[in-house]
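In: model this:
(one chain, ligands or ions: 1)
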Amino acid sequence: MACNLHLLFPTPILVVETTSFFEDHHKIIQEDYESNTDNINVSKDKFLLNKFPQLKNWILDQVHQYAVNTMACDSKFNITQSWSILSNKNLHFHQHPNSIISGAYYIDADNNSSEIKFLKPYIHGQIKWKTDINLYKEQDWLWDYVSFKPKTGTLILFPSYLNHGVTTNNLESNRCVLSFNTWFKDSIGSIEELNFLQINS
Ligand SMILES: [Fe+2]
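Out: Numbering: from 1, shown residues only. This next block holds a predicted model:
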């Protein structure tokens with residue numbers, strides 16, 4: 001009997017670390033912040049990366065590599081919006097609409113900072129069976145969520161549709177994270193195939 005289990009359609013999350021932009025971190029923490037409807041401190045500037053061209057270009061390079069490696073897409077991307085959050089509070093689970101690839105770049109995080117948690121995009125919530133923890137723990141493709149410990153200078157890239165949030169918090173530890181969305185720089189699709197799209201034509 002031939003039996004093959006194919007684990008198809010993975011969700012790519014890229015984690016990159018850099019120590020190149022620590023001078024920018026201080027300026028981003030010093031930005032003006034305002035409280036949003038969830039009482040989270042968000043930078044007043046919602047296009048923050050425009051002030052930090054070197055950091056922005058480095059992030060765009062990583063986005064391009066991510067697109068090449070995980071989407072077979074050699075197109076260039078733009079950062080559409082970018083903002084920072086200075087908070088030790090919970091962040092409810094959310095997606096980033098009107099974006100292809102999103103990211104979180106940690107401006108200030110230490111060992112006590114709460115983890116960012118990504119939810120599996122398809123969860124069998126309606127039917128619950130007894131999960132054998134020993135069978136479950138070694139196989140990451142079975143997990144319902146994955147958490148990453150933030151560290152200063154770490155960039156996490158993920159598909160914008162992927163639900164994520166911060167559920168546990170250490171109130172002693174502040175956390176500053178710069179988030180951003182992206183879109184294709186040039187038109188996409190094909191006129192002949194009737195799926196052409198050009199924004200800002
Ligand atoms: Fe987010």
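
In: find the nearest non-adjacent residue to I29, please.
Out: Leaving aside its sequence neighbours, I29 sits nearest to C176 (C-beta to C-beta, 6 or more residues apart in numbering; 5.5 Å). Backbone N, C-alpha and C define where each C-beta goes, glycine included.

In: same check, this time on K76
Out: Residue nearest to K76 in three dimensions, not counting chain neighbours: K185, with 4.1 Å by C-beta to C-beta, 6+ apart.

In: show me what contacts that neighbour?
Out: Contact analysis of K185 by C-beta atoms under 8 Å, 6 or more residues apart in numbering lists S75, K76, F77, N78.

In: for the second one, the count of nearby residues, please.
Out: Think K76. Using other C-beta atoms under 10 Å, K76 has 12 neighbouring residues.

In: what do you get for the last one?
Out: Here the neighbour count serves as a burial measure; for N78 (other C-beta under 10 Å) it reads 15.

In: model confidence for it, exactly?
Out: Looking at N78, its pLDDT stands at 97.

In: so who does it touch?
Out: Counting by C-beta under 8 Å, 6+ apart, N78 has contacts L60, T182, W183, F184, K185.

In: helix, strand or coil for K56?
Out: Following DSSP: H, G, I helix; E, B strand; the rest coil, we place K56 in the helix state.

In: so it sits right up against Q62, yeah?
Out: No: applying C-beta atoms under 8 Å as the test, K56 and Q62 come out as separate, 10.9 Å apart.

In: name the nearest residue to the residue nearest the centre of the chain, ignoring sequence neighbours.
Out: With distances taken as C-alpha atoms, centre = their mean, G103 lies nearest the centre of the chain, 3.3 Å away. Nearest non-adjacent residue to G103, counting by C-beta to C-beta, 6+ apart: L157, 4.8 Å away.

In: what's across from the one you found in the sheet?
Out: Beta-bridge pairing of L157 under DSSP bridges involves L14, G103.

In: neighbours of it, just the number please.
Out: The burial count for L157: 23, using other C-beta under 10 Å.
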